[in-house]
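> coords below, sequence missing:
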């Protein structure tokens, strides 16, 4: 059934949730988006994350959307579902529901209320109990959104305590030293080796993170092929090519990662590329101005030129 | 149909959500709790607040609990339901569902992400659109939990913009000056007069707040009769009696308002008073130690003595 | 020279910094305030804390004020100086300066930037190096102002690492369980026994904290005799008397502890009691309204009556 | 005496504070750094900012450093001094001191405690009163470090209220829409036109910000010539060249802007370029690992190659 495991690598794209211009779920665009991602070479999908506007969906819409994605993916790659919730009853309810539908695992970030190492450890022990022995899960370390600071030593203790935690989504920033420390610990056999996929700002440190031992990326970007190609170049040992590709996309990636307005940029680019029909973002959410659109057009044009030079 | 309106006054008790010792919803205790509150003279009930462990319930449990409360109340007093949600789709889903069941209105606090005056105003304009013209709602101003600071001028602008906002739940601390400013504005006719019920820490400033123009309290405390009696004494102009009663309960109220452990204290007191069968708090949540129980026993004994002297 | 050590107990009052009506340092009032505190039985003084408006003083004013206090105290009780600073150079500069003048020790709280257990431990190791082997210091645990959450286990590790940390200023809230855990550890010999003085909101949990093993209080309140008398009653085993006294002052103590406006209340009460000449608070700071003054008058009158009944 | 005024443009580099390997102020490196900046074409300098380790200096060291910088600059360009302080007495003390030494103006950011629009406006009114009629000042809008969110409308009101505020240091992120709104207001004559220099992460949005009406940059980066050249290319209407230059430096600029470790990267690059003798960062501060140094070496090599291609 395509359970997530610690050998995961490559690019797990965090999808958007497509809406029509009137704000309804757009299932046709959902199918096109899945097809697009698979064509571009992603090795997994992650849905219902922050950038998937998960909190703006009704429970019914969430189920419908996950079902549609799973049906279209049809087992070709694993699908991870965001299951962070303010309480364990809701976390279990959502997890059971999506695992029944065929999800490969869930992703959990700590709530802002946990602060000390003891509180963090105790929280993830409860996550472990809640999810049970059969649900593989991803530990999401994203202090910018959660405000929770997890040191390398705390992450290692969570990995030791939890048999079913198979992946770390690494989004701390600065995080290169942390990434190195976690990899060093599994290299020395002090802890099991889990998959580490990185997400910093649409992969804004991807080449450096791969060098430190990341297995790939789990993040959103309207050009998933950048990450797929960078990971591939790195895997075959061609670091210069990895950097060349990365650098070509960096000016636009940087623009797409602006806090607040970034999701609107991403959806606009997906619309421009014909992936989704409408760039609609549900409230509360940003809208792009003409000046934003002009910035994007210039960056895309320059990116296309640069990629032709690299080809 | 008992719609909430701006004439609301007295004590709206924020209820706990009773569980059995094994953590299941306890509907028999729910009924007893409703009866207890009505007997003590509350003029309204508020359910699914933070202290009602709302985030720890599944969607199904929330519905079941609200339904049970509404059935037992049977129209005797208005019932307000907490409807704060990270997105408007979920807010609407919950609101429609509970209004259909017979709720009298909903209560909404701003999410931590809104910060500037403009953002706050824009957020509540969306709340207004989401709830529609038929749902009376309560503006909850509780910076300690939301981290959102709403100045008196912002609150007044929300009241001006929103025809269906009928009540302010005042929980800012310090808030006496703000309360005075809001009351002064409606006294001068600059803005409509809404009901103001206060909630600071179980009513820890209730006598002063009544003097400043509050219409009563909306908060939780295992001795709702304190608030009912203080409001009544104040209403008949007997300020000394209001303070005497308040002072008698203050040492225990203070203990019950400890951040973190407070809910466990409240449920323990409800259990001790025979209102609910079990003091069980769902995870993540505090547990009382023997030392805590000894503190409570001493404070209850002293409170009983003091009340006898006052009788 | 009256070095602070781990046998400290009783009441260390956190003083205000008196200004004239025009905002200048008022050294005559400073002398009267010192005399007043000594007469009321405090066993120590703490200056340049948050409630001492330390950040609103120039470096020169800080030195002048500390010098005046130390001269007036003249060795009768220890004087602790707040030395929290954004950097270690400034911390050392201030510490050296006040220790030269005759201070008994300094108090340090962690900066908001430290978050994980490792960061906290590493910070206090640097504090230890900065202060050197000869300066006794107080660890201030006040999450409400610092936003830093220190678990009991982290505090115990700081105490183990630092030979010169002789006191914990306990201001976490809820903190009773933490206080019990720290005392249990020293009772079992797992860590040295340090003095624990508590400060929660002007001592709003003082009786319970004494029962858990606190050695007294370090906080501000315009009626230091309350804390002195409560500690004395507790010390001679008369818990009921300790609670009676505490309860008599609680309504006013609660009012004086309002966040934001509290310092203005305290200075007003000191002025009313003839301790300082002016209740002036430097900007940015709160001002009391006529309604606030009326509240205070009522609470003082009721407190006086209650104390007469108890006498 | 080179007072700062609203016509300021170009690049105001935020300098580091050079130390020797043993952590002492390095005045010889300070001179070299000033010379280096002037040679590269900066139009101003800003000292004692966060990235200048201002909080880690003693008061004496701050004065010595500012004096040295001012002497070496010798009036060739304006020098702005960071004067944010927790209280107004210290702000005035520092401002008077540096203006006497010959500084051109000061920069002030709001403290984390101000939150609502009213609080922000009231704070800057006090700043204005504190600085007096003769000190030009820069309003720093940097929510990432201050946590204070200032909307465009609040900034416009501050500009209206304050005759001596002559510059906005724009570091909100996302901030392009805000920048456009502020420029539109002065274009329409609704408010005076002030200089806007931008600082987002070492200028990570510099080309877009110039297009929106920024007059240049005020930030730190070990390659100030990038910003100087980008501003110059933009000024002569050559947007493609501005982007080409920007893109060439972007991979390293991004690396230097890592939160936490960034200052160590910048000082290392300054050391490698022969600008300062030691990359020493005072505690608490980051240290670079061998892996970090390898990353930097690779990025510098690639940047050099790219610049040769562009030449």
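Received the coordinates, thanks. As the structure is a prediction and not an experimental result, all values here were calculated from the model.

> And for whatever residue of the stretch 201-311 of chain A ends up closest to chain B, the neighbour number?
Using C-beta to the nearest C-beta, the single residue of the stretch 201-311 of chain A nearest to chain B is residue A:283, 5.4 Å away. For every residue, glycine as well, the C-beta is placed using N, CA and C. Neighbours of residue A:283 under the rule other C-beta atoms under 10 Å in any protein chain shown: 16.

> do residue A:277 as well
Residue neighbour count, defined by other C-beta under 10 Å, stands at 16 for residue A:277.

> Need the mean per-residue confidence for stretch A:114-122.
Averaged over stretch A:114-122, pLDDT sits at 95.

> anything in that stretch sitting right up against chain C?
Yes: counting by C-beta under 8 Å from any C-beta of the partner chain, chain C is contacted by stretch A:114-122 at A:115-119.

> contacting residues around that stretch?
A:110, A:113, A:123, A:148, A:150-151, A:153-154, A:157-158, A:161, B:284, C:115-117, C:149-151, C:153-154 (C-beta atoms under 8 Å, 6 or more residues apart in numbering or on different chains).

> Mind checking which of those are in helices?
When DSSP state H defines the helices, the subset of these inside them is A:123, A:153-154, A:157-158, A:161, C:117, C:153-154.

> Report the separation between the residue of the stretch 201-311 of chain A closest to chain B and residue C:228.
58 Å (C-beta to C-beta, to the nearest Å).

> mind listing what's buried in the helix or strand bottoming out on mean pLDDT in chain A?
Sorting the helices and strands of chain A by mean pLDDT, DSSP states H and E puts helix A:143-146 at the bottom, at a mean of 88. For helix A:143-146, a neighbour-count test (16 or more other C-beta atoms under 10 Å in any protein chain shown) marks A:143, A:146 as buried.

> And for stretch A:281-292?
Across stretch A:281-292, burial judged by 16+ other C-beta under 10 Å covers A:281, A:283, A:286, A:288, A:292.

> thinking again about what came up before, which of the contacts of stretch A:114-122 are buried, as a ChimeraX select command?
To isolate the buried members of those in ChimeraX, using 16+ other C-beta under 10 Å:
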select /A:110,123,148,150,151,153,154,157,158 /C:115,116,117,149,150,151,154
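
> Pull up the gap between the residue nearest to residue A:158 when sequence neighbours are not counted and residue C:175, please.
Leaving aside its sequence neighbours, residue A:158 sits nearest to residue A:124 (C-beta to C-beta, 6 or more residues apart in numbering or on different chains; 4.9 Å). Going from residue A:124 to residue C:175 by C-beta to C-beta gives 25 Å.

> Check residue A:143 too.
Going from residue A:143 to residue C:175 by C-beta to C-beta gives 26 Å.

> Equivalent analysis for residue A:196, please.
From residue A:196 to residue C:175 the distance is 38 Å (C-beta to C-beta).

> With residue A:51 instead?
Remark: distance between residue A:51 and residue C:175 (C-beta to C-beta) = 39 Å.

> next one: residue A:93
For residue A:93, the distance to residue C:175 - C-beta to C-beta - is 35 Å.

> For the residue nearest to residue A:158, grab the count of nearby residues.
The tally of other residues near residue A:124 (other C-beta under 10 Å) stands at 24.

> do residue A:300 as well
By other C-beta under 10 Å, 18 other residues sit near residue A:300.

> Give the buried residues for the helix or strand harbouring it.
According to DSSP states H and E, residue A:300 maps onto helix A:290-310. For helix A:290-310, burial by neighbour count (16+ other C-beta under 10 Å) applies to A:292, A:295-296, A:298-300, A:302-303, A:306-307.

> hmm, who's touching it?
Contact with helix A:290-310 is made by A:244-245, A:248-249, A:251-252, A:255, A:261, A:264-265, A:268-269, A:272, A:288, D:176-177, D:180, D:208, D:211-212, D:239-240, D:243, D:247, as judged by C-beta under 8 Å, 6+ apart.

> mind checking pLDDT for the residue in the stretch 51-200 of chain A that chain D sits nearest to?
Residue of the stretch 51-200 of chain A nearest chain D, by C-beta to the nearest C-beta: residue A:174 (4.4 Å). The model reports residue A:174 with a pLDDT of 71.

> Hmm, residue D:261 and it touching each other?
Yes: the pair residue A:174 / residue D:261 is scored as a contact, 4.6 Å apart, by C-beta atoms under 8 Å.
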